[in-house]
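Engineer: no sequence on this one, just coordinates:
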């Protein structure tokens with residue numbers, strides 16, 4: 001796992017993207033933040049780079065290529081290192097919906113977007129800390 005790698009944010013709603021960027025700015029992480037407006041743009045980047053991101057946060061409902069389609073395409077990557085990057089869905093939907101639960105085995109988490117910035121900040125910090133604090137030998141690359 002590349003704990004120093006880039007953090008990839010995939011979100012089509014500019015207000016939500018601005019909020020996420022503010023949260024990551026507040027957290028003062030050393031990781032570079034990359035943003036994409038849809039799954040296709042993110043996929044094009046990921047398929048065309050040799051860099052391995054630290055973590056990917058993706059919305060589900062987006063134009064061009066939604067989060068589910070992106071995750072399916074990533075699972076088919078021939079580069080195993082990209083398949084092991086933590087992939088987190090953050091959605092306005094209920095994570096207990098049957099369609100979302102169907103994707104749970106193919107992600108490292110599905111979370112509802114919190115109602116306010118402080119709750120959202122806390123959620124993102126907990127997710128990042130969880131992955132940053134995992135011992136390297138416990139992570140399969």
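Structural biologist: Sure, I can see it. Since the model is a prediction, treat every value here as computed from it, not as a measurement. Residues are numbered from 1 along each chain as shown.
Engineer: secondary structure element for residue 34, which one?
Structural biologist: In this structure, residue 34 sits in strand 33-36 according to DSSP states H and E.
Engineer: may I see the buried residues of that strand?
Structural biologist: 34, 35, 36 (16 or more other CB atoms under 10 Å). C-beta here means a position set from N, CA and C on the backbone, and glycine is covered the same way.
Engineer: run a quick neighbour tally on residue 8.
Structural biologist: Residue 8 is flanked by 22 other residues according to other CB atoms under 10 Å.
Engineer: and which of the buried residues of strand 33-36 is nearest residue 20?
Structural biologist: The closest of the buried residues of strand 33-36 to residue 20 turns out to be residue 35 (CB to CB; 8.1 Å).
Engineer: now the longest helix belonging to the chain: average pLDDT?
Structural biologist: Longest helix in the chain, counting residues (DSSP state H): helix 117-132. The average pLDDT for helix 117-132 rounds to 93.
Engineer: could you say what helices and strands that helix packs with?
Structural biologist: helix 14-27, strand 55-58, strand 109-112 (3 or more CB pairs under 8 Å, 6 or more residues apart in numbering; DSSP states H and E).
Engineer: what's the first helix or strand after the strand holding residue 34?
Structural biologist: Assigned by DSSP H and E, the successor of strand 33-36 is helix 39-48.
Engineer: give me the contacts around that following helix.
Structural biologist: By CB atoms under 8 Å, 6 or more residues apart in numbering, the list of residues contacting helix 39-48 from outside reads 8, 10, 34, 36, 53, 56, 58, 62, 64-67, 69-70, 73-74, 77, 82.
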